[in-house]
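Colleague: Give the three-dimensional model of this entry:
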Amino acid sequence: MTDTLQVSAFYQENQARLKLKLRNNPRGLSREITQKELHRPGLALAGFIELFTYDRVQVLGNTEIQYLASLTDEQRRKTLSRVFEFNIPCLIVTNDNSLPVELVEAADRANVAIFSSPLTTTEMTHLLSDYLDHKFAPTESIHASLVDVYGTGLLFTGRSGIGKSEVSLDLVERGHRLVSDDMVKLTRTAENVLMGTGREKLRHYMEIRGIGIIDVGRMFGVRAIRMQKRVETEVELVDWRGDVDYERIGLEEQYKEYLGVRIPHVILPIFPGKNITVIAEAIALNLHLKVYGYHPAKEFGKALSEMMENRTSLQSYLEKDFE
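Modeller: Purely as a prediction, here's the structure:
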């Protein structure tokens, strides 16, 4: 998770996307953004500063600019001097509104960057919130491989050398898409969704023991890779042990939690000759069925109960047939 974001980095990454223009002295670019929320300072401009959340990015729309325009020059100077006494990270004026001279002067004195944009306040708020949510989202890196199997993000975990990369490569060869091998960066989005991606330049390289490093993107083409994927199920590969009672029916589902998000957790024992790739595809398809409201294990249990009940009724009938 990013704790702080420098205003210069924010400007560089959003200049084109948010159509931003720096409108005053660039000294304010060295300030830092520490909050992902935005604020519209209408009440603070009107004099109510008790609840002024000054440490957020301030967005001035038509309302704030027209309010400032309604003041006399002296009132505007006093109002803006009072607001810029607070440690504001930066300020954005939307709708290409004209900037009052007093606003630029006060921001320069306080070394606060002012940006303008032709976007409406609603558009700016929506796009900027998405960006800041992503930047300040909690993250965690784990030793794993992530593959998109039939549209389901399967996270393969297990001890080093157990075969995560080999299973991933086999899935790619069968038409599925690699997100990352060896290291997966998990991010919890604002919607409480767990997203997975890899290291920027190494995400599609894969280490296959006995061969070395291969480039999956170059080898299989763009159809075999993707940049990120929602993580929907963890498949933990473990060595087969005869003394362990592994799940056989699937009625009791297990979960694992990353960054506060629970995902289904499947423990998959492996041994030579077992086709893990086909089982991984079955796990993905089984999850699809559950999403659509069909739980195979529960349906099996229900059918088994009905069959036993019918057999009991028939047995009772036959036992009482004395003709």
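Colleague: use CA for all of it now, contacts and neighbours both
Modeller: Noted.
Colleague: show me where pLDDT drops low in this protein?
Modeller: 1-2, 314, 320-323 (pLDDT under 70).
Colleague: quick one: contacts of whichever strand or helix holds T122?
Modeller: Under the criterion of DSSP states H and E, T122 resides in helix 121-135. Helix 121-135 has contacts (Cα atoms under 8 Å, 6 or more residues apart in numbering) with 1-2, 18, 36-38, 59-61, 94-95, 189-190.
Colleague: Going by distance to D73, which of these wins?
Modeller: Nearest to D73 among the contacts of helix 121-135 is L60, at 18.5 Å by Cα to Cα.
Colleague: What residues does the nearest residue to that closest one once chain neighbours are set aside make contact with?
Modeller: Leaving aside its chain neighbours, L60 sits nearest to V93 (4.7 Å; criterion: Cα to Cα, 6 or more residues apart in numbering). Contact partners of V93, counting by Cα under 8 Å, 6+ apart, are 59-61, 99, 114-117.
Colleague: can you tell me which two in the contacts of helix 121-135 are farthest apart?
Modeller: M1 and N95 (31.6 Å).
Colleague: Who has more neighbours out of those two?
Modeller: Using other Cα atoms under 10 Å as the criterion, M1 and N95 rank with N95 on top: 17 against 12.
Colleague: Please look at the more buried one and G61 and confirm they touch.
Modeller: Yes: under the criterion of Cα atoms under 8 Å, N95 makes contact with G61 at 6.9 Å.
Colleague: For the contacts of V93, which single residue is the most surrounded?
Modeller: I114 (26 neighbours).
Colleague: which secondary structure elements does the helix or strand that the helix holding T122 is followed by contact?
Modeller: Using DSSP H and E, the helix or strand that directly follows helix 121-135 along the chain is strand 139-143. If contacts are counted by 3 or more Cα pairs under 8 Å, 6 or more residues apart in numbering; DSSP states H and E, strand 139-143 sits against strand 183-188.
Colleague: Following the chain past the strand it packs on, name the next helix or strand.
Modeller: Using DSSP H and E, the helix or strand that directly follows strand 183-188 along the chain is strand 194-197.
Colleague: Name the surrounding residues that touch that next one.
Modeller: 146, 179-180, 184-189, 203, 227-232, 258, 261.
Colleague: Within the sheet, what are the partner strands of it, with directions?
Modeller: strand 183-188 (antiparallel), strand 228-230 (antiparallel) (DSSP bridges).
Colleague: The ones you listed into JSON lines, with extra columns for distance to F156 and mean neighbour count?
Modeller: Below are the strands paired with strand 194-197 laid out as JSON lines (distance: least, Cα to Cα, whole Å; neighbours: other Cα atoms under 10 Å):
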{"stretch": "strand 183-188", "distance to F156": "10", "mean neighbour count": "22"}
{"stretch": "strand 228-230", "distance to F156": "13", "mean neighbour count": "21"}
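Colleague: Kindly reformat these as a markdown table containing distance to A106.
Modeller: Output for those, formatted as a markdown table (distance: least, Cα to Cα, whole Å):
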| stretch | distance to A106 |
| --- | --- |
| strand 183-188 | 38 |
| strand 228-230 | 43 |
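Colleague: Pull stretch 288-298 out as PDB, backbone CA atoms only.
Modeller: The C-alpha coordinates for stretch 288-298 follow below in PDB (Å, rounded to 0.1, in the frame of the first residue of the first chain):
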ATOM      1  CA  HIS A 288     -18.800 -21.400 -12.400                       C
ATOM      2  CA  LEU A 289     -21.600 -23.800 -11.500                       C
ATOM      3  CA  LYS A 290     -21.700 -22.600  -7.900                       C
ATOM      4  CA  VAL A 291     -21.800 -19.000  -9.100                       C
ATOM      5  CA  TYR A 292     -24.800 -19.900 -11.200                       C
ATOM      6  CA  GLY A 293     -26.500 -21.500  -8.100                       C
ATOM      7  CA  TYR A 294     -25.700 -25.200  -8.700                       C
ATOM      8  CA  HIS A 295     -23.700 -26.900  -6.000                       C
ATOM      9  CA  PRO A 296     -22.700 -30.400  -7.200                       C
ATOM     10  CA  ALA A 297     -21.800 -31.800  -3.800                       C
ATOM     11  CA  LYS A 298     -25.100 -30.500  -2.300                       C
END
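Colleague: Return the distance of that stretch from the chain's centre.
Modeller: Per Cα atoms, centre = their mean, to the nearest Å, the displacement of stretch 288-298 from the mean C-alpha position of its chain is 25 Å.
Colleague: Which positions within the helix or strand hosting I267 qualify as buried?
Modeller: Taking DSSP H and E as the criterion, I267 maps to strand 261-270. For strand 261-270, the neighbour count (16 or more other Cα atoms under 10 Å) marks 262-263, 265-266, 268, 270 as buried.
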